[in-house]
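I'll drop the sequence and a predicted model, then ask my questions.
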Amino acid sequence: MIKEIEIVCPPGQQDDEVAIKKIAASSLNISQQKISGIKILKRSIDARGRKVVYRMQVQVFIDEIYTPETFTVNYPDVKNGRPVIIVGAGPAGLFAALQCIELGLKPVILERGKDVKQRRRDLANINKQGLVNPESNYCFGEGGAGTYSDGKLYTRSTKRGDVNAVLKTFVAHGATEDILVDARPHIGTNKLPQIITSIKESILNAGGEVRFDTRVTALLVEFGKIAGVQAASGEKFGSDAVILATGHSARDIFEMLHQQNILIEAKPFALGVRIEHPQEIIDQAQYHCEHRGPDLPPSYYNLVEQVDNRGVFSFCMCPGGIIAPCATEPNEIVVNGWSPSKRNNPFANSGTVVQVNLDDVAGNENDPLKMLRFQQHIEQLAYVAGGGHLVAPGQRMVDFVENRMSATLPVNSYLPGTKSVALKEVLPGWINARLQKALSAFGRKMKGYYTNEAILVGVESRTSSPVKIPRDKETLQHPQVAGLFPCGEGAGYAGGIISAAIDGINCAIAASKI
Ligand SMILES: Cc1cc2nc3c(=O)[nH]c(=O)nc-3n(C[C@H](O)[C@H](O)[C@H](O)COP(=O)(O)OP(=O)(O)OC[C@H]3O[C@@H](n4cnc5c(N)ncnc54)[C@H](O)[C@@H]3O)c2cc1C
């Protein structure tokens, strides 16, 4: 017999099979010996009460043989299959490739950046010397922005596809099975590179192709149909299906489409700063205790406030994390955040941003690149304000709200360094003012949040794509170019690893139908 029940257990026992069996036996009023296995279906932390507990949905196997699920992959050989060109090896491109293989198509991935190993050297140059390689950085290279991301895997886009199937694919390529049950699944930056490499190996073993250092510079279009793409080297790649999954930072791709008279549209995004607190402050507020102790993970927050008819919100919260320099050009500053799988860094950071609508930004309303230019301008202002070498402008939280320069900045995790700057020199006045109001309001919602121990680091600007590449809702093809599938975050159809992966899968399915 299999029974599904909810159990509650104290922190420290959430992974302990013996302890969980004991709780389940007592809850079902049966002897522990009758339980042959326990399968955890869902697991979350409940910090609402005085005592923090884990809540778990479990299947209890009673006098029944329990065989744990195994996760392996077995892809068909597609060496001689019909080629589908995939531009970009981010989560969208990689999952599009895996789906192509499952459908008997041969994916040919063209990626401007380097493989995971070589990319690491370029990241070291960014962090230690403040030097950005425009082809290989936190956004460009094998695995795209996902490889050195935080690897949080929760998403709101559950209706767009099978989230569980994506999570299982990650597990089959080396992620821990915890991501299948945790309410807030997380892989961590230290683990992602091996997983991404393993996905690439699956693609290559099945007969797909992956070409690094191959920047696409033109689409080949004949009579309204895609015929292939051309790379910077001049090499041409032919196919009647091209999945364009180049991410939100490939500004040259948006320029290229515009120059080729292929329709793109300006798109709203969000802009602000990354805020970092000592992790302890967040733990004390969320777990209502002096010290978190060894049995609870570093805590997170999620804050939102309407200020003067505009949403101001925290996102991509990284407990135990690092603020990362994520620019793709040498003369701009872009910050984001990541954390290792153990989340054992002493800081907690999150993007804290204000929604930017189309009519907030001056310029020709018909210019599809106006939001992109605005985003770029703010990133360049941040670079100048920091004084170069990716030193980022920073200000203490209370100083920022009270319009005071910070005499000193707190020790923080941003490796290229921070410089005390009045952030109003970088942010537009209407964003600055809304952030100021929101931070005081967040402080009223969360004890300890509003403090000068927290630093604001500018700028968090690559929250989503500032451009949309239109596509037909049913066929997922561009309205003007048959066989062109705008895909993933850069095209405006995803906002994170899982949704990008799902969009990649959907585009591959659509490509198989032409
Ligand atoms: C530091 C950091 C932390 C993050 N943390 C999280 C998180 O915890 N959870 C989450 O869900 N999301 C997170 N994200 C966001 C997530 O990584 C992206 O949403 C996701 O990677 C988007 O996938 P994509 O495939 O659409 O695009 P991308 O990952 O951006 O991939 C696009 C790829 O296209 C390539 N490319 C661009 N132009 C060309 C060209 N002309 N020719 C050939 N190739 C090209 C790029 O090099 C890149 O590899 C984080 C991002 C960063 C930077």
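Great, that's in hand. Numbering: from 1, shown residues only.

If you check the stretch 301-450 of the chain against the ligand, which residue is the closest one?
Asn336 (3.7 Å; C-beta to the nearest ligand atom). All C-beta spots, glycine's among them, are computed from the backbone N, C-alpha and C.

Tell me the residues on the stretch 401-514 of the chain that lie near the ligand, please.
488-490, 494, 496-498, 500 (C-beta under 6 Å from any ligand atom).

thinking again about what came up before, is the residue of the stretch 301-450 of the chain closest to the ligand located within a strand, as I assumed?
Yes - secondary structure of Asn336 (DSSP: H, G, I helix; E, B strand; the rest coil): part of a strand.

For it, grab the count of nearby residues.
25 (other C-beta atoms under 10 Å).

Kindly provide the distance from it to Glu235.
32 Å (C-beta to C-beta, to the nearest Å).

returning to that earlier point: turn the residues of the stretch 401-514 of the chain next to the ligand into CSV, columns for neighbour count, secondary structure and distance to Phe269.
Below are these laid out as CSV (neighbours: other C-beta atoms under 10 Å; DSSP: H, G, I helix; E, B strand; the rest coil; distance: C-beta to C-beta, whole Å):
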residue, neighbour count, secondary structure, distance to Phe269
Gly488, 33, helix, 15
Glu489, 28, helix, 11
Gly490, 30, helix, 12
Ala494, 28, coil, 13
Gly496, 23, coil, 14
Ile497, 28, helix, 18
Ile498, 26, helix, 19
Ala500, 33, helix, 16
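
Tell me which two of those residues sit farthest apart.
Gly490 and Ile498 (16.1 Å; C-beta to C-beta).

Helix or strand: which one has the residue in the stretch 151-300 of the chain that the ligand sits nearest to?
Closest contact between the stretch 151-300 of the chain and the ligand, by C-beta to the nearest ligand atom, is at Gly247 (2.1 Å). Of the helices and strands defined by DSSP states H and E, none includes Gly247.

Could you do Asn364 as well?
Per DSSP H and E, there is no helix or strand for Asn364.

Contacts made by the top strand by length along the chain with the rest, please.
The longest strand of the chain (DSSP state E) is strand 35-46. Here strand 35-46 makes contact (C-beta atoms under 8 Å, 6 or more residues apart in numbering) with 4, 8, 11, 14, 17, 20-21, 24-25, 52-66, 68, 178, 181-184, 296-297.

how about JSON lines for the residues of the stretch 401-514 of the chain next to the ligand, with pLDDT added?
Formatted as JSON lines, these follow (pLDDT from 0 to 100):
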{"residue": "Gly488", "pLDDT": "98"}
{"residue": "Glu489", "pLDDT": "98"}
{"residue": "Gly490", "pLDDT": "98"}
{"residue": "Ala494", "pLDDT": "96"}
{"residue": "Gly496", "pLDDT": "96"}
{"residue": "Ile497", "pLDDT": "97"}
{"residue": "Ile498", "pLDDT": "97"}
{"residue": "Ala500", "pLDDT": "97"}
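
related to what we said a few turns ago, filter the contacts of strand 35-46 to the buried ones?
11, 14, 20-21, 24-25, 52-54, 56, 58-62, 178, 181-182, 296-297 (16 or more other C-beta atoms under 10 Å).

The ligand contacts on the stretch 1-150 of the chain?
Near the ligand, when you scan the stretch 1-150 of the chain using C-beta under 6 Å from any ligand atom, you find 87-93, 110-113, 138-141, 144-146, 149-150.

Mind checking which of the residues you listed land in strands?
87, 110.

Provide a list of residues in contact with Arg184.
44, 152, 154, 300.

Now the phi/psi pair for it, please.
phi -130, psi 70 (degrees, to the nearest 10).

Next: Gly151.
Torsion angles, degrees, to the nearest 10, at Gly151: phi 80, psi 30.

ok, it - contacts?
So Gly151 contacts 186-189, 191-192, 338, 341, 497 (C-beta under 8 Å, 6+ apart).

Isn't Asn364 up against Lys370?
Yes - between Asn364 and Lys370 a contact is recorded at 6.6 Å, counting by C-beta atoms under 8 Å.

can you pull out the strands in the stretch 51-200 of the chain?
Assignment of strands within the stretch 51-200 of the chain using DSSP state E, counting those that start in this stretch yields the ranges 53-62, 83-87, 106-110.

any chance of these in a markdown table, with distance to Val356 too?
What follows is the strands of the stretch 51-200 of the chain, written out as a markdown table (distance: least, C-beta to C-beta, whole Å):
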| stretch | distance to Val356 |
| --- | --- |
| strand 53-62 | 38 |
| strand 83-87 | 27 |
| strand 106-110 | 31 |
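
Please work out how many residues are found near Pro479.
12.

now Ile431
Ile431, neighbours per other C-beta under 10 Å, totals 25.

Equivalent analysis for Pro10, please.
13.

Could you report the separation of the nearest residue to it once chain neighbours are set aside from Ser44?
Closest residue in space to Pro10, ignoring its immediate chain neighbours: Val53 at 6.2 Å, by C-beta to C-beta, 6 or more residues apart in numbering. According to C-beta to C-beta, Val53 stands 10 Å off from Ser44.

before we move on, what about Val229?
44 Å.

For the two, indicate the residue with more neighbours.
Using other C-beta under 10 Å as the criterion, Val229 and Ser44 rank with Val229 on top: 24 against 15.

quick one: that one and Ile243 touch, right?
No - if you go by C-beta under 8 Å, Val229 and Ile243 don't touch, sitting 10.6 Å apart.

What are the phi and psi values at Lys21?
phi -60, psi -40.

Okay, the residue lying closest to it once chain neighbours are set aside and Pro466: tell me how far apart.
Among residues not flanking Lys21 along the chain, Ile35 sits closest, at 5.1 Å (C-beta to C-beta, 6+ apart). Using C-beta to C-beta, we find Ile35 at a distance of 54 Å from Pro466.

Which one's more surrounded, the two?
Neighbour tally, Ile35 and Pro466, criterion other C-beta under 10 Å: the higher count belongs to Pro466, 27 against 22.

okay but the more buried one is in contact with Ile378, surely?
No - using C-beta under 8 Å, Pro466 is not in contact with Ile378, being 10.9 Å away.

Ala433: what's it in contact with?
Contacts of Ala433 by C-beta under 8 Å, 6+ apart are Asp308.

State the helix or strand in which it lies.
Here Ala433 sits within helix 429-445, counting by DSSP H and E.

For that helix, buried residues please.
431-432, 434-436, 438-443.

After it, which helix or strand is next? Please name it.
strand 455-460.

Could you name the helices and strands sitting against that following strand?
strand 269-278, strand 335-338, strand 347-356, helix 370-386, strand 392-396, helix 397-401 (3 or more C-beta pairs under 8 Å, 6 or more residues apart in numbering; DSSP states H and E).

Please convert those to CSV, extending it with mean pLDDT and distance to Gly104.
Formatted as CSV, the helices and strands packed on strand 455-460 follow (pLDDT from 0 to 100; distance: least, C-beta to C-beta, whole Å):
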stretch, mean pLDDT, distance to Gly104
strand 269-278, 98, 37
strand 335-338, 97, 36
strand 347-356, 98, 41
helix 370-386, 98, 38
strand 392-396, 98, 48
helix 397-401, 98, 55
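
can you tell which of those is closest to Leu220?
Comparing those by C-beta to C-beta, helix 370-386 comes nearest, at 24.2 Å.

Can you show me the CA trace of the closest one as PDB?
What follows is helix 370-386, C-alpha atoms only, in PDB (Å, rounded to 0.1, in the frame of the first residue of the first chain):
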ATOM      1  CA  LYS A 370      15.300  53.100 -27.600                       C
ATOM      2  CA  MET A 371      15.100  51.000 -24.400                       C
ATOM      3  CA  LEU A 372      18.300  49.300 -25.200                       C
ATOM      4  CA  ARG A 373      20.100  52.600 -25.700                       C
ATOM      5  CA  PHE A 374      18.700  53.900 -22.400                       C
ATOM      6  CA  GLN A 375      19.900  50.700 -20.600                       C
ATOM      7  CA  GLN A 376      23.300  51.100 -22.200                       C
ATOM      8  CA  HIS A 377      23.600  54.800 -21.300                       C
ATOM      9  CA  ILE A 378      22.900  54.100 -17.600                       C
ATOM     10  CA  GLU A 379      25.400  51.200 -17.600                       C
ATOM     11  CA  GLN A 380      28.000  53.600 -19.100                       C
ATOM     12  CA  LEU A 381      27.200  56.300 -16.500                       C
ATOM     13  CA  ALA A 382      27.800  53.700 -13.800                       C
ATOM     14  CA  TYR A 383      31.200  52.800 -15.300                       C
ATOM     15  CA  VAL A 384      32.300  56.500 -15.300                       C
ATOM     16  CA  ALA A 385      31.000  57.000 -11.800                       C
ATOM     17  CA  GLY A 386      33.000  54.100 -10.500                       C
END
